[in-house]
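[1] Sequence plus the predicted model coming up.
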Amino acid sequence: MKKDVTFIGTIHSSYKTRADAPRQGDDEMCEIEIFKEYEQGLKDLEGFSHLHIFYWLHESKGFTLSVNTPWDDKPHGLFATRSPHRINPIAYAAVELVEKKQNILKVKGLDAIEGTPVLDIKPYIPKIDAKSEAQIGWLSEKNFLKPRIYEFKTETEWTERKKGICRSSSKPDIEIGCPPEFGGEKEYWSPEHLFVASIEVCIMTTFIWLLEKNNLNIISYQSKAKGKAHMVGGDFAFSEIELKPVIEITTTRIKDKIHTLIIDAGKQCMVSQSLKCNVILRPSIKITD
């Protein structure tokens, strides 16, 4: 059975990475450039206000048949979700056609990143496509247009001099203080060390999550991290965080895949995505027979 697909165009978007793109699109304008050899297929499209766009998630990595969604605490089957991580990375959106000019379509409501390949375009026809009687399964009990918001709460208490205690529910207390560079004592966790550690831990846990999604195992994982801070505009600020993970595996067969996953973990880590400074990953993968 032939499985080849032909890309008919490219999406041009202000979203440069998957983290930039909104869920289910918004009012941001995007352009769909249809390759010249297929331009004739756009004839008579101007009269339609909305279109179905099918596109290829070229940066999607792996899939899992059990999916945790932003709208529920329980996992659901892949085919009962709109997860972008699919067996065949095909995506779909119903968009508003704002303007057609030759082989360029300006649309609203697309959540694709810059350079996404286009598979197909079809007109949206309300009498055919809109099903007022449609049921939405497990989503019927969820306010699925408002993804969950996670909150992480801590409490800090000053005890003496330049130190204190940091607490969070159901977790052991951490003794905290200024680093020696600013007059503190070296035996306490400083905010600077906690900052660097949070990135290191986030990348490790994201990597473990990606391993589970791809049904892969490792022997061990260790890492070292170093944050560099210097004077910026009269104040100290971190300029970069360097991490050196050492990952031990049993076979060379999965070495390239493991390397890809640790790099992806750095890109998907929520903490590192929230930073202004650079996060540099220098992974080392060891083979143990």
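    Now that the structure is in, tell me what you want to look at. Numbers count the residues shown, from 1 in each chain.

[2] What segments of the chain are helices?
    126-129, 191-213, 255-268, 270-273 (DSSP state H).

[3] Now do the buried residues in the first one.
    By neighbour count, and taking 16 or more other Cβ atoms under 10 Å as the criterion, helix 126-129 has no buried residues at all. Quick note: C-beta positions are derived from backbone N, CA and C, even for glycine.

[4] that older thread, export the helices of the chain to CSV and tack on distance to S83?
    Output for the helices of the chain, formatted as CSV (distance: least, Cβ to Cβ, whole Å):
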stretch, distance to S83
helix 126-129, 22
helix 191-213, 11
helix 255-268, 14
helix 270-273, 17
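
[5] I'd like those as a markdown table, with distance to E59 and mean pLDDT appended.
    Output for the helices of the chain, formatted as a markdown table (distance: least, Cβ to Cβ, whole Å; pLDDT from 0 to 100):
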| stretch | distance to E59 | mean pLDDT |
| --- | --- | --- |
| helix 126-129 | 28 | 86 |
| helix 191-213 | 14 | 93 |
| helix 255-268 | 10 | 91 |
| helix 270-273 | 15 | 86 |
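
[6] Looking at those, which is nearest to D4?
    Of all the helices of the chain, the one in closest proximity to D4, counting by Cβ to Cβ, is helix 255-268 (24.6 Å).

[7] tell me the angle the closest one makes with helix 191-213.
    130 degrees (axes from the mean of the first three to the mean of the last three Cα atoms, to 10 degrees).

[8] sorry, back to before: wait, which of the helices of the chain is closest to T6?
    Closest among the helices of the chain, using Cβ to Cβ: helix 126-129, at 24.1 Å.

[9] what's in contact with that closest one?
    For helix 126-129, contacts defined as Cβ atoms under 8 Å, 6 or more residues apart in numbering pick out H52, A94.

[10] Now it - C-alpha only, PDB.
    Taking Å, rounded to 0.1, in the frame of the first residue of the first chain, the C-alpha atoms of helix 126-129 are listed here in PDB:
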ATOM      1  CA  PRO A 126     -21.800  24.700   8.000                       C
ATOM      2  CA  LYS A 127     -24.700  22.500   6.900                       C
ATOM      3  CA  ILE A 128     -22.400  19.600   6.500                       C
ATOM      4  CA  ASP A 129     -19.600  20.200   9.100                       C
END
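
[11] wouldn't E99 be in contact with K108 here?
    No. Using Cβ atoms under 8 Å, E99 is not in contact with K108; the gap is 10.5 Å.

[12] more neighbours, the two?
    K108 (15 against 11; other Cβ atoms under 10 Å).
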